[in-house]
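**Student:** Let's see this in three dimensions:
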Amino acid sequence: MKKLALSALLSITFALQAQACDAQTADTVTVNADTAATSIDSIATAADNDKYYKLTDNDYKKVAEELGIDIATMKAVVEIEAGSAHQGFAEPGIPLVNFDLVIFKRFMRKAGKSYAKYTKSAAFQRPNTKKYGSYGKAQWARLESARKIDKEIAEKATFWGMFQIGGFNWRQCGCKSLDEFISRMSESEAEQLELFAQFCKTNNLVRYLKAHDWNNFAYRYNGPGYKKRNYHIKLRQAHSKHSK
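**Tutor:** Residues are numbered from 1 along each chain as shown. Take a look at the predicted model:
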């Protein structure tokens, strides 16, 4: 299994604060109990791993054209917002996930459901990399544990892929269901980029990318703490690098 680079591990929380704020008002939509069956054990390793670990120039070009932005901007956003390794998969076919216990509890309370008897389960523990062998597998163990409590809420309370988009934002990614969102997240890095592009369209972020307005883009996407991590400066520098 390809190990997660340190930069990728550090980058997985980049948008959690901003999206977590949105999660406070996210609605709960009934999803068929048989949907979204992706799991760390249920997907066979693909023979061709490139689509899981590599974005091509054509991928960047295609999405940049869809958004009406220059390729340098697209590459800059991926580099900074998804980390220099821009890794979207823990293993082939297994998207990187970050299960958020705080959001899970909030959604459970909103649905009028109790989680008191599950507090000793893996979902309520910190990611155990020693037990599961990697950060990616440890997070999947937490998600799968939470799925046994409430499948739909667990998947909504998880952040998916290289851009760590919250499951509760599946509609904003242009998907017809949570199941479709997870299925597409599991398809390839290119598909994760497409979902991110639609998320930007839905949330009116494209105008900032077109104008190279890094401050407003970083604020809207990363939340009010973006300046502490210098996202706006990093985006500008990355754009300059990719423009050469």
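**Student:** going forward, measure contacts and count neighbours with C-alpha atoms only.
**Tutor:** OK.
**Student:** Please determine how far the residue nearest to the spatial centre of the chain is located from residue 212.
**Tutor:** Nearest to the mean C-alpha position of the chain, by C-alpha atoms, centre = their mean, lies residue 164 at 1.8 Å. Separation of residue 164 from residue 212 (C-alpha to C-alpha, to the nearest Å): 22 Å.
**Student:** just to revisit the earlier point, so the residue nearest to the centre of the chain is in contact with residue 97, correct?
**Tutor:** Yes - here residue 164 reaches residue 97: they are 7.2 Å apart, a contact under C-alpha atoms under 8 Å.
**Student:** Look up how far residue 149 lies from residue 124.
**Tutor:** In this view, residue 124 and residue 149 are 11 Å apart by C-alpha to C-alpha.
**Student:** list residues touching both of the two?
**Tutor:** Counting by C-alpha atoms under 8 Å, 6 or more residues apart in numbering, the contacts common to residue 124 and residue 149 are residue 118.
**Student:** Tell me, how many residues neighbour the nearest residue to residue 124 once chain neighbours are set aside?
**Tutor:** In this structure, residue 124 finds its nearest non-sequential neighbour in residue 101, 6.7 Å apart by C-alpha to C-alpha, 6 or more residues apart in numbering. The number of residues packed near residue 101 is 19, by other C-alpha atoms under 10 Å.
**Student:** Next, residue 101: phi, psi?
**Tutor:** For residue 101, the backbone dihedrals are phi -70, psi -40 (criterion: degrees, to the nearest 10).
**Student:** can you pull the pLDDT of it?
**Tutor:** pLDDT recorded at residue 101 is 98.
**Student:** ok, now residue 82?
**Tutor:** 88.
**Student:** What of residue 51?
**Tutor:** 76.
**Student:** Chain neighbours aside, what residue packs nearest to residue 145?
**Tutor:** Distances taken as C-alpha to C-alpha, 6+ apart place residue 123 nearest to residue 145, at 5.2 Å, with adjacent residues excluded.
**Student:** Isn't that neighbour up against residue 141?
**Tutor:** Yes - counting by C-alpha under 8 Å, residue 123 touches residue 141, with 7.4 Å between them.
**Student:** Who has more neighbours out of these two?
**Tutor:** Set side by side, residue 123 and residue 141 show unequal neighbour counts under other C-alpha under 10 Å, the larger going to residue 123 at 26 against 21.
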